[in-house]
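In: below is the sequence, then the predicted model.
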Amino acid sequence: MSLRHVMDAYDLLDDPGVDGEAAAEWLRSHGADRVEVTRVTGESGRTDFLRCVVPGSQGRLAGGTAPTLGVIGRLGGLGARPEQIGFVSDGDGALTALSTAAKLSAMRARGDVLAGDVVISTHVCPDAPTMPHDPVPFMGSPVDMGQMNEHEVSAEADAVLSVDTTKGNRVLNHHGFAISPTVRQGWILRTSEDLLGIVEQVTGRLPAVLPLTTQDITPYGNGVYHVNSILQPATATTAPVVGVALTTETAVAGSATGATDPHVVEQAVRFCVEVAKRFGRGTCSFHDTAEFDRLVELYGPMTHLQTGG
């Protein structure tokens, strides 16, 4: 159970003065000892990128070979001040990532050490701009997508979970969270059976799957529609990426306040934790590597979809 971590993290982040160092200190209080904060200033302000590494007993940091999982909390900002007062819906990605980092760090401090290393990253920005988007406005960011990927996508990760608020759409009318099909090097692959099983395990319900289009997995800035930024990390890594989408039945703007459901966030945290447990042990696969290789052999690489064209 991670509800306490979610509630405490929400209280921490729902503050116009919060920054990356405050979030880092909160993680350290839960046992995290590998936390880094990098401040980046863009045209529309600044944000603090935060990276927390939770070492595994058999991970590369311990000289082992267990695979590394990356967990990214994707968002534009925690708040849209001064336009909006308070924590916005778009901040759920950071809330999930930081709560996951706190839970995994506390587990490790108590002696429940995972096999593989886990790298959790997100950014902390209490006053991001907004931007037009259909059907509801998006949250913008003080930094561009290239900078986000540079600081949030870990080169060490053998697979990535990208957690993002995905409420501003009409293609998935589901209150809870959904996972996407696996995306790797420009290919949209079948949805992982292992991950679907973990969704069922932590929710007790049938899993929901976020539908993807080709343009959703191309880089921002190319002039085509994207459902949101949830699969943008897939443009910056060769590893398989799966989106963890926090969703609602109605279209809710990313800049809307009072829209965070802590129980849904807690389910997403438990999902990330359970994936981390099994992925490090080698009992959870994001995709069939032989089938991926066969697709590339038959039809050629699709890596051009990871570029600006």
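Out: Happy to help now that I have it. Since we're looking at a predicted model, the values are computed, not measured.
In: now do the SS call for the closest residue to Thr248 other than its chain neighbours.
Out: Leaving out its chain neighbours, the residue that sits closest to Thr248 by C-beta to C-beta, 6 or more residues apart in numbering is Lys167, at 4.4 Å. Just so you know, the C-beta spots here come from the backbone N, C-alpha and C atoms, and that holds for glycine as well. With DSSP: H, G, I helix; E, B strand; the rest coil as the basis, Lys167 sits in coil.
In: who are the contact partners of Lys167?
Out: Applying C-beta atoms under 8 Å, 6 or more residues apart in numbering to Lys167 gives the contacts 89, 246-248, 251-254, 259.
In: give me that answer again for 7 Å
Out: Applying C-beta atoms under 7 Å, 6 or more residues apart in numbering to Lys167 gives the contacts 89, 246-248, 251-252.
In: ditto for Thr47
Out: Here Thr47 is in contact with 40, 123-125, 142-143 (C-beta under 7 Å, 6+ apart).
In: so Thr248 versus Thr68, what's the distance?
Out: 32 Å (C-beta to C-beta, to the nearest Å).
In: the two - which one has more neighbours?
Out: Neighbour tally, Thr248 and Thr68, criterion other C-beta atoms under 10 Å: the higher count belongs to Thr68, 25 against 21.
In: look up how far His226 lies from that one.
Out: Computed as C-beta to C-beta, the Thr68 to His226 distance reads 27 Å.
In: do the same with Phe177
Out: From Phe177 across to His226, the span is 19 Å (C-beta to C-beta).
In: which one's more surrounded, these two?
Out: Phe177 (27 against 19).
In: which parts of stretch 162-182 are buried?
Out: For stretch 162-182, burial by neighbour count (16 or more other C-beta atoms under 10 Å) applies to 162-169, 172, 174, 176-182.
In: give me the distance between the two termini of stretch 300-309.
Out: Distance across stretch 300-309, first residue to last, is 17 Å (C-alpha to C-alpha, to the nearest Å).
In: do the same with stretch 251-259
Out: 11 Å.
In: just checking, Val71 is part of a strand?
Out: Yes. Assessed by three-state DSSP, Val71 belongs to a strand.
In: number of residues surrounding it?
Out: 30.
In: next: Ala97.
Out: Using other C-beta under 10 Å, the number of residues around Ala97 comes to 31.
In: could you do Pro129 as well?
Out: 18.
In: next one: the one 3 residues further on
Out: Counted by other C-beta under 10 Å, the residues lying close to Pro132 total 8.
In: list the buried residues of the lengthiest strand in the chain.
Out: As assigned by DSSP state E, the longest strand anywhere in the chain is strand 45-54. Neighbour counts over strand 45-54 (16+ other C-beta under 10 Å) mark 45, 47-54 as buried.
In: among those residues, find the lowest-pLDDT one for me.
Out: Within the set of those, pLDDT is lowest for Gly45 (87).
In: wait, what's in contact with it?
Out: The contact partners of Gly45, by C-beta under 7 Å, 6+ apart, come to 127, 142.
In: check the gap between it and Gly221 for me.
Out: With the distance defined as C-beta to C-beta, Gly45 ends up 19 Å from Gly221.
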